[in-house]
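Colleague: Predicted model, plus sequence, below.
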Amino acid sequence: MVSISKAFNTLPILKDISFDQVKRIKTWPIARRGRYRSGFIVEEKGKRMYFMGDLAKRTIGYTKNGISVGLEGAFDSLLKGRSAQIMFQRMPGRIWRPITVGDGQRAENGKDIVTTLDVRFQDITQYALNKSLVKHRAKHGCAIVMDVKTGAVKAMANLTRGKDGKYYESMNYAVDQFSEPGSTFKIISALALLEDEEISLTTPLEPMEERWNFLESHLRMTHTKETFQKHTAFRGL
C-alpha cells in the first residue's frame with residue numbers, strides 16, 4: 001500500500017500494487033524527498049505465490065496458521081533460514097554504522113529444495129486427471145508419474161471436486177489416503193509366476209471368489225474361468 005502522511009494520519013492512495021510499480025512511483029519528485037520530508041510511505045506485504053498456478057500445489061505445500069503440508073511443511077525449518085536483529089548507530093553525513101549486539105549472529109537465507117518433478121509431465125498429468133474426473137463425475141482422484149529406472153517422481157497430481165463443481169489441489173491423496181492396490185498388483189504377481197515358469201500365458205484359471213479385510217474396508221474379488229493371458233494385463237500379447 002502507498003499512502004501520504006498528513007498530521008499523524010495517512011491517506012491511502014494505492015493498494016495491491018506490484019514491486020515494479022513502486023519503483024516507478026519512487027521516481028516521482030515528491031517521493032524522492034524521502035519518507036519524513038514528503039510524508040510518502042510504502043508498506044510492504046508478503047504474499048505466497050505459486051508461479052505455476054495449481055500445478056503440484058499440494059505437493060509443494062505451505063506453512064500457514066500452524067498448519068504444515070507438502071514439501072514446504074516438511075522442510076520448513078530448513079527453508080525459512082534464520083532471522084536476526086542488528087543495531088545501527090547514526091554517524092555524521094547520514095551514515096549508519098552497524099553495531100554488533102548479543103551473540104553477533106547474522107540472518108541466514110533458507111535452503112532450497114530441488115525436486116524431480118517435471119513441469120511438462122505435471123501439466124500433462126494434471127490435465128489428463130482433470131479430464132477423466134469430469135468425464136466420470138468423480139469426487140476426487142490422484143495420478144503419479146514415476147521414472148521406472150530411477151524411481152524419480154516426475155508428476156504428482158491430486159484433484160478434489162469443489163462446491164462449484166470444479167477440481168482443485170486441496171489434498172494429497174497419494175500420501176494421505178490409504179487404499180487397496182487392486183488389480184495394479186496383478187502385473188507384479190504375474191511377472192514373478194512367469195519368471196519362475198510356474199505358469200504360462202495359456203494356463204487356465206478356475207472360477208474363484210475371495211474376501212479380505214483391509215483397514216476399515218471389506219474387499220471382494222471374483223473372476224470366471226478364463227486363461228491367464230485373458231485375465232491379466234498380458235491381453236495384448
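Modeller: Perfect, thanks for sending it. Residues are numbered from 1 along each chain as shown.

Colleague: Just give me the neighbour total for Leu79.
Modeller: Residues contacting Leu79 under the criterion other Cβ atoms under 10 Å number 16. C-beta here means a position set from N, CA and C on the backbone, and glycine is covered the same way.

Colleague: pretty sure it is touching Glu72, no?
Modeller: Yes. Under the criterion of Cβ atoms under 8 Å, Leu79 makes contact with Glu72 at 6.3 Å.

Colleague: what residues are shared contacts of those two?
Modeller: In terms of Cβ atoms under 8 Å, 6 or more residues apart in numbering, Leu79 and Glu72 are not both contacted by any residue.

Colleague: where's Gly81 relative to Pro98, distance?
Modeller: To Pro98, Gly81 is 19 Å away according to Cβ to Cβ, to the nearest Å.

Colleague: One more: Ser170?
Modeller: The gap separating Ser170 from Pro98 is 45 Å, by Cβ to Cβ.

Colleague: who's more crowded, these two?
Modeller: A side-by-side neighbour count of Ser170 and Pro98, using other Cβ under 10 Å, places Ser170 first with 15 against 10.

Colleague: so who does that one touch?
Modeller: Per Cβ under 8 Å, 6+ apart, neighbours of Ser170: 58, 158, 160, 162.

Colleague: Are we agreed that the first one is in a helix?
Modeller: Yes. Using DSSP: H, G, I helix; E, B strand; the rest coil, the assignment for Arg58 is a helix.

Colleague: what sits against it?
Modeller: 69-70, 158, 169-172.

Colleague: what's near enough to touch Pro29?
Modeller: Contact criterion Cβ under 8 Å, 6+ apart gives no residues in contact with Pro29.

Colleague: mind checking which helix or strand it is in?
Modeller: Secondary-structure assignment from DSSP states H and E places Pro29 in no helical or strand segment.

Colleague: In the chain, where is pLDDT below threshold?
Modeller: 1-9, 35-36, 100-104, 180, 205-208, 214, 221-237 (pLDDT under 70).

Colleague: Packing partners of the biggest strand by length in it?
Modeller: Within the chain, and with DSSP state E defining each element, the longest strand by residue count is strand 153-161. Packed against strand 153-161, as judged by 3 or more Cβ pairs under 8 Å, 6 or more residues apart in numbering; DSSP states H and E, are the following elements: helix 57-60, helix 119-136, strand 140-146, strand 167-168, helix 173-176.

Colleague: circling back: out of the contacts of Arg58, which end up buried?
Modeller: The neighbour-count test (16 or more other Cβ atoms under 10 Å) applied to the contacts of Arg58 identifies 69-70, 158, 169, 171-172 as buried.

Colleague: Same list, those residues, but as CSV with distance to Phe51 please.
Modeller: Written out in CSV, the entries for the buried ones among the contacts of Arg58 read as follows (distance: Cβ to Cβ, whole Å):
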residue, distance to Phe51
Val69, 18
Gly70, 15
Asn158, 19
Glu169, 15
Met171, 22
Asn172, 19
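
Colleague: quick revisit: among the helices and strands packed on strand 153-161, which comes closest to Gly93?
Modeller: Between Gly93 and the helices and strands packed on strand 153-161, the shortest gap by Cβ to Cβ is with helix 57-60, which sits at 46.7 Å.

Colleague: Return the distance of the closest one from the chain's centre.
Modeller: Between the mean C-alpha point of helix 57-60 and the mean C-alpha point of its chain there is a distance of 1 Å (Cα atoms, centre = their mean, to the nearest Å).

Colleague: Kindly check the end-to-end length of stretch 50-69 for me.
Modeller: Stretch 50-69 stretches 15 Å from its first residue to its last (Cα to Cα, to the nearest Å).
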